[in-house]
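*Asks:* Coordinates only, no sequence provided:
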């Protein structure tokens, strides 16, 4: 089995794969792959993971607040405004993820906390970059970081 964070990243990768605008261009890790055939696409990576509280029970139940980052890149070939393509990517991703805010009973609730935009490259056809920070709370026992404990209602 994999650490709880890896399971959450894999959920995002699976959910984002196959969206209309980005197709199968969904990657994991901190480095975005090179090549025009990889754009538009998403990169899924860790943000911050912090311990929120612990409870003494039969084991040590811990609640973490985890920020997962989805970073999208777009470079429209047809003169479309890059911000328009980034907004379309964001809308597709948010709709897909928020179909189930518990991520299949993996977390209490997932929410989109922040979206940032930037551009890079030439003025004629810049690459647009969008970063979405998704915040979620999950539970594990300290001695078993691979098993997510659903605490939803």
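*Replies:* Now that the structure is in, tell me what you want to look at. Only a predicted model underlies this, so the values are computations on that prediction, with no experimental measurement involved.
*Asks:* Can you verify residue 87 is assigned to a helix?
*Replies:* Yes: under DSSP: H, G, I helix; E, B strand; the rest coil, residue 87 sits within a helix.
*Asks:* Just the strands from this protein, written as ranges.
*Replies:* Secondary structure of the chain (DSSP state E): strands at 26-28, 41-56, 60-74, 110-120, 127-141, 144-149.
*Asks:* tell me which helix or strand of the chain sits lowest on mean pLDDT?
*Replies:* Least confident helix or strand, the chain: strand 41-56 with a mean of 89, by mean pLDDT, DSSP states H and E.
*Asks:* So which bits of that strand are buried?
*Replies:* For strand 41-56, burial by neighbour count (16 or more other Cβ atoms under 10 Å) applies to 41, 42, 43, 44, 45, 46. In short, each C-beta sits where N, CA and C put it, glycine included.
*Asks:* Quickly note the distance from the residue lying closest to residue 139 once chain neighbours are set aside to residue 106.
*Replies:* Leaving aside its chain neighbours, residue 139 sits nearest to residue 149 (4.1 Å; criterion: Cβ to Cβ, 6 or more residues apart in numbering). Applying Cβ to Cβ, to the nearest Å, the value for residue 149 to residue 106 is 10 Å.
*Asks:* okay, and the common contacts of those two?
*Replies:* residue 138 (Cβ atoms under 8 Å, 6 or more residues apart in numbering).
*Asks:* I'd like the strands of the chain laid out as JSON lines, including distance to residue 5.
*Replies:* Output for these, formatted as JSON lines (distance: least, Cβ to Cβ, whole Å):
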{"stretch": "strand 26-28", "distance to residue 5": "11"}
{"stretch": "strand 41-56", "distance to residue 5": "6"}
{"stretch": "strand 60-74", "distance to residue 5": "6"}
{"stretch": "strand 110-120", "distance to residue 5": "13"}
{"stretch": "strand 127-141", "distance to residue 5": "9"}
{"stretch": "strand 144-149", "distance to residue 5": "9"}
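*Asks:* With that, I have no additional questions.
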